[in-house]
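Novice: Fold the following and give me the result.
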Amino acid sequence: MQRILGIITRMNEASCAGTTLRGQTEVAARALVDLFPDSSVAVFEHEPGEEHARVIGGASLPPGWRTRVVQLHDVPLLDEALQHPERVIERTKHRRRRGTAADVGDISDVAEAESGGRLQTICAAIPENGGSRYALMFVAPPVAGDSAVRAAAIEITRRLLAASAATGGADRSRMLAAIHRAKLEWEHTVDALPEIVGLLDPRQRVVRISRAVERWQLGSVRGAVGPDLHSVLHPSCPGLDCTLRASIERATIEAGRTSKASFEIADSVLKLDLAVVLNAAAGGVTEGSRERLPRMVFMVADVTSLRRAERELKSLNHTLEQRVQARTSELLAANRALRGEVERRREAERSLRRSTRDLEALSERLMNAQEAERKRIAQDMHDSVGQTLSAIKYSLERSQVLSRRAAPDEASDVIEVAIGRVQRLMDEVRTISMNLRPALLDDLGAASAVRGLCRDWQDVYRGIEVETDIAVQDAEIPPILVTNVFRAVQESLNNVARHAAAQHVCVSMRIMAGVLTVAVRDDGAGFAIDADSSPTAGTRGLRGLHERAERTGGRCEVSSAPGRGTTVQLEWPVAAGQAAHLANARLN
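Specialist: From the prediction side, this is the model:
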């Protein structure tokens, strides 16, 4: 609609200036090309009865076409328009090969590159008394949604030129009336639009405006004519720092330079999103010129619904992105947790395999220890008990022989020797029994058994001083820990005797904070503990201490250094030992 108003304005200016019909036709051609920059328009002059027409002017024509003569039978579209000046003839077809006469291609070389060979051609003849003398040919590439506007623009141009031709320049009032009627027709059309459309004079005051201003409740059409565009849109805005005012001023200056300007603004006064377009209705002037700005066609559209939909869509996209990111984060966290669980399970499997291997090794060592113990007991029985029994048997047989010989004194001596051997055999059997399991463990308890062990050990290893610090009663040690405590002290003292080369050893037992602590400290040679491996890596006895403590819910720590002695400390939670004892009692 802005383009139609532009054509009406320029044709009105041409007619008021007294321009001839030919001059008005040239004005119309330039106006069409200005409004549709990708087009070409040729003005043809035709004498009634002739079979040809010649180009007398136009706009955006190819070189050499301003004086071209064409045969009407070669240009059927032009011929048809001259024969039927009451209507506009339109055709869209593919461009023919260059060099042939065609109703489309002759004036459209400039559009061929943009159209890909497909062109829209519109012809309109201006009727005069005695036949049509002038015709317009409009050629441009097709644009979606623009064909109807082009046809309407050429139709109103044809009507305006026809009205001017009908007056013959004599009755200007009739011509102006026809132009006025055309204006009214298009004003009614513009009034039906939802957008506010109007015209600004060179002082940027509103001289035409559509009735949409009343539907927007911005006042009447009569009241909107005269003020500037900002005052129409903001009737009660006193501020000079108004954003809409500044935007209109910038767009006006830009449209004066480039013929067109537009902007969008979220107006806080109208509470609407506005899209404003300004088109220069005549040639613009450069910035700094003394001339006034040209007339401008303006259009103000309410794009609130569109922008709200865009914002909602953007918000929806943002929400969707947030959900996707949140879901992605959840999946990543779940994957990390799953990988952690897989790793934990793998570690558990590795620990299980290590435990299985340790259990197998422990079972093997247990079997080897049992076999070694049996071998030792068998060896002791053979070397000690067996030999002694053989000697007793021999003594008894000897005494029997002597008694038969009636030598009672000699027989009595032999029997006395045999009795001494029986006594020593009883001591040896008692020693073997004590080594296997001291009777004190069953009769009294672990604390008393450890004291007895230290005394016996002192009698055997007289070169090592033994100090005992046992601050525990037998009843305080759970039964399930009795044997383990005794064997741990026994193994530690044996290690001191075999490896430490110590002069002093201290055995302590005490309960603190519910934990039974047993420690064996010596001042012997000590040894180096590798920080990267277990302190029992190469010591079979110490490894046995660790396994014994762990098997009963305790732990064993060994600290040593070359020349600084060794300390073996074992700890058992007393409550855990009692609980284990109760559990074993229930199973039994």
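
Novice: List the buried residues for stretch 40-53?
Specialist: 40-44, 46, 53 (16 or more other CB atoms under 10 Å). Using the backbone N, CA and C atoms, a C-beta is placed for each residue, glycine as well.

Novice: Check stretch 221-235 too.
Specialist: 221, 224-225, 228-234.

Novice: would you turn these into a markdown table with distance to N495 and pLDDT?
Specialist: Listed next are the buried residues of stretch 221-235 as a markdown table, based on distance: CB to CB, whole Å; pLDDT from 0 to 100:
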| residue | distance to N495 | pLDDT |
| --- | --- | --- |
| V221 | 116 | 88 |
| A224 | 113 | 90 |
| V225 | 117 | 89 |
| D228 | 109 | 91 |
| L229 | 107 | 91 |
| H230 | 104 | 91 |
| S231 | 109 | 90 |
| V232 | 108 | 92 |
| L233 | 103 | 92 |
| H234 | 103 | 91 |
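
Novice: who touches A275 in this structure?
Specialist: Neighbour list for A275: 262-264, 300-301, 303 [criterion: CB atoms under 8 Å, 6 or more residues apart in numbering].

Novice: what's the neighbour count on E214?
Specialist: 16 (other CB atoms under 10 Å).

Novice: my guess is H73 contacts E80, does it?
Specialist: No. Here H73 does not reach E80: they are 11.4 Å apart, not a contact under CB atoms under 8 Å.

Novice: higher neighbour count, the two?
Specialist: E80 (16 against 10).

Novice: Quick check: which element contains the more buried one?
Specialist: helix 76-83 (DSSP states H and E).

Novice: Just the residues contacting that helix, thanks.
Specialist: With CB under 8 Å, 6+ apart, helix 76-83 has contacts from 44, 46, 53, 70, 72-73, 88-89, 91, 103-104, 121, 123-125, 132, 135, 137.

Novice: repeat that with 10 Å
Specialist: 42, 44, 46, 48, 51, 53, 70-73, 75, 87-91, 93, 102-104, 106, 121-127, 131-137, 158 (CB atoms under 10 Å, 6 or more residues apart in numbering).

Novice: and R215, how far is that from A125?
Specialist: 40 Å (CB to CB, to the nearest Å).

Novice: between these two, who's got more neighbours?
Specialist: Using other CB under 10 Å as the criterion, R215 and A125 rank with A125 on top: 29 against 11.

Novice: for the more buried one, helix, strand, or coil?
Specialist: Here A125 is recorded as strand under DSSP: H, G, I helix; E, B strand; the rest coil.

Novice: Just list the residues touching it, thanks.
Specialist: 44, 46, 78-89, 131-137, 158, 161-162.

Novice: Which strand residues bridge it?
Specialist: For A125, the beta-bridge partners are A135 (DSSP bridges).

Novice: Q387: neighbouring residues, count only.
Specialist: Neighbours of Q387 (other CB under 10 Å): 13.

Novice: meant to ask about T252, not that
Specialist: Neighbour tally, T252, other CB under 10 Å: 19.

Novice: element containing it, please.
Specialist: helix 243-258.

Novice: Need the mean per-residue confidence for that helix.
Specialist: Helix 243-258 carries an average pLDDT of 90.

Novice: That one packs against which elements?
Specialist: strand 196-200, helix 229-233, strand 260-267, strand 272-280, strand 296-302 (3 or more CB pairs under 10 Å, 6 or more residues apart in numbering; DSSP states H and E).
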